[in-house]
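Novice: give me a model of this one.
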Amino acid sequence: MAIEAMFEGEAEQIGRRCIALAKAGDPTALKLVMDRIAPVRKGRPLHGLARRSNESSMDALLRAVLEGELTPEEGKDVVGMIESAARIAATKVLAEQRQEQIEALKRAGASGALGGGVMVVPIGTMNEWEEAASPAQHLLKAQAKE
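Specialist: Reported below is the predicted structural model:
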């Protein structure tokens, strides 16, 4: 903040001087100006990726990387986005299950089936959760393939 305060009121003059030096061919000034005007881009839009017949989405992605349409980093980023979306879908299913359990317990409590004011939340097994999350994940993956 102290540096910003020192530049206050001076930024325009310094900027104009840097541009003048860049125009005169100063390599450091040229780099500074170009880094501000056209910074190195991280990532790019992925246009025109299409699956060939009998090719899965992952096959198409791998082919695009191998044929140079995508960099390996871009392919990895796409896979990471799909995996993140699948985790979000699984978390949503888990939250819905928990909400259903809470509602069932509230109904049981209101009917007097649960006594003593103690609320017990059944957790179930990891396999039960995975089975419930799996359809949502498969749907998401199918949508991503389209």
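
Novice: burial of residue 27, as a residue count?
Specialist: Residue neighbour count, defined by other Cβ atoms under 10 Å, stands at 9 for residue 27. Using the backbone N, CA and C atoms, a C-beta is placed for each residue, glycine as well.

Novice: residue 96 now?
Specialist: With other Cβ under 10 Å as criterion, residue 96 counts 13.

Novice: now do the one 3 residues further on
Specialist: Each residue near residue 99 was counted by other Cβ under 10 Å, and the total is 10.

Novice: start the count at 38, not 1, going forward
Specialist: Got it, the first residue is 38 from now on, which makes the last one we talked about residue 136.

Novice: okay, now the unreliable bits of this protein?
Specialist: Where the chain drops to pLDDT under 70, the residues are 150-164, 166, 177-183.

Novice: relative to residue 51, how far out is the residue most central in space within it?
Specialist: What sits nearest the mean C-alpha location of the chain, by Cα atoms, centre = their mean, is residue 118, with 5.3 Å. Note on residue 118: its distance to residue 51, by Cβ to Cβ, to the nearest Å, is 40 Å.

Novice: how about the helices in the protein?
Specialist: 39-44, 48-60, 64-74, 94-103, 109-147, 163-182 (DSSP state H).

Novice: in CSV: those, plus distance to residue 81.
Specialist: Below are the helices of the chain laid out as CSV (distance: least, Cβ to Cβ, whole Å):
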stretch, distance to residue 81
helix 39-44, 32
helix 48-60, 26
helix 64-74, 18
helix 94-103, 13
helix 109-147, 8
helix 163-182, 19
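
Novice: pick the most buried one from the ones you listed.
Specialist: helix 94-103 (a mean of 16; mean count of other Cβ atoms under 10 Å).

Novice: what residues does that one touch?
Specialist: 86-89, 92, 107-109, 111-112, 115-116, 178, 181-182 (Cβ atoms under 8 Å, 6 or more residues apart in numbering).

Novice: nearest to residue 129 among those residues?
Specialist: residue 178 (14.7 Å; Cβ to Cβ).

Novice: among the contacts of helix 94-103, which one sits closest to residue 136?
Specialist: So of these, ranked by how close each gets to residue 136 (Cβ to Cβ), first place is residue 178, at 24.3 Å.
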